[in-house]
Every structure is written in C-alpha cells, then in structure tokens.
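S.K.: Okay, predicted coordinates and the sequence, questions at the end:
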Amino acid sequence: MAGGKAGGTGEEVLIEFVIHGNVARVTAIHVASGTEVAIVGPAHAPRVTLEAAVSRKLAYVMGKEKGTS
C-alpha cells in the first residue's frame, strides 16, 4: 500500500495494488473523507498508469459527492 497526495491538494490518499494472475485491482482511499474507489486493469500495465486512473476516478467521485462533477 502506498500513500500520496490527492491531485496536489495536500490531502492524503492511500493506494493499494493487488495482483490476481493477469488482473490488477487498484484501490484508492481518501483518508480525510473515507471515500474509496477501485479499478481493475491488466497486471502488466505500468503502475503509474493504473495509479493515475484510480486517482482520476477518486477525484471524479469526490467532485460528484460535493455536487460538482
């Protein structure tokens, strides 16, 4: 599990990678709000690509929760 900052906002986000055969499940959790999202992608995809995708999804979901998508 890795920690990082949410889109430069300075808010902590935990990112977890779980590999099951040819599939990677990537989960991101916004620590302050507890918002959690997950994506599934190919296990051979670059880690940075999967991390970027799950970060974009987290930003989208958090924006939607605030009423701005």
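M.R.: Alright, I've got the coordinates.
S.K.: What's the mean pLDDT across stretch 40-55?
M.R.: Stretch 40-55 carries an average pLDDT of 97.
S.K.: whoops, I mixed them up, stretch 19-30
M.R.: Mean predicted lDDT for stretch 19-30 stands at 97.
S.K.: Show me where this protein has its strands.
M.R.: 2-5, 12-20, 23-30, 36-42 (DSSP state E).
S.K.: need those strands in CSV with mean neighbour count and distance to residue 50, can you?
M.R.: (C-beta placed from N, C-alpha, C; glycine too.) Output for the strands of the chain, formatted as CSV (neighbours: other Cβ atoms under 10 Å; distance: least, Cβ to Cβ, whole Å):
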stretch, mean neighbour count, distance to residue 50
strand 2-5, 11, 11
strand 12-20, 14, 7
strand 23-30, 18, 5
strand 36-42, 14, 5
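S.K.: In JSON lines: those, plus distance to residue 55.
M.R.: Output for the strands of the chain, formatted as JSON lines (distance: least, Cβ to Cβ, whole Å):
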{"stretch": "strand 2-5", "distance to residue 55": "8"}
{"stretch": "strand 12-20", "distance to residue 55": "7"}
{"stretch": "strand 23-30", "distance to residue 55": "6"}
{"stretch": "strand 36-42", "distance to residue 55": "9"}
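S.K.: Nearest to residue 66, out of these?
M.R.: Of all the strands of the chain, strand 23-30 sits nearest to residue 66, with 11.9 Å by Cβ to Cβ.
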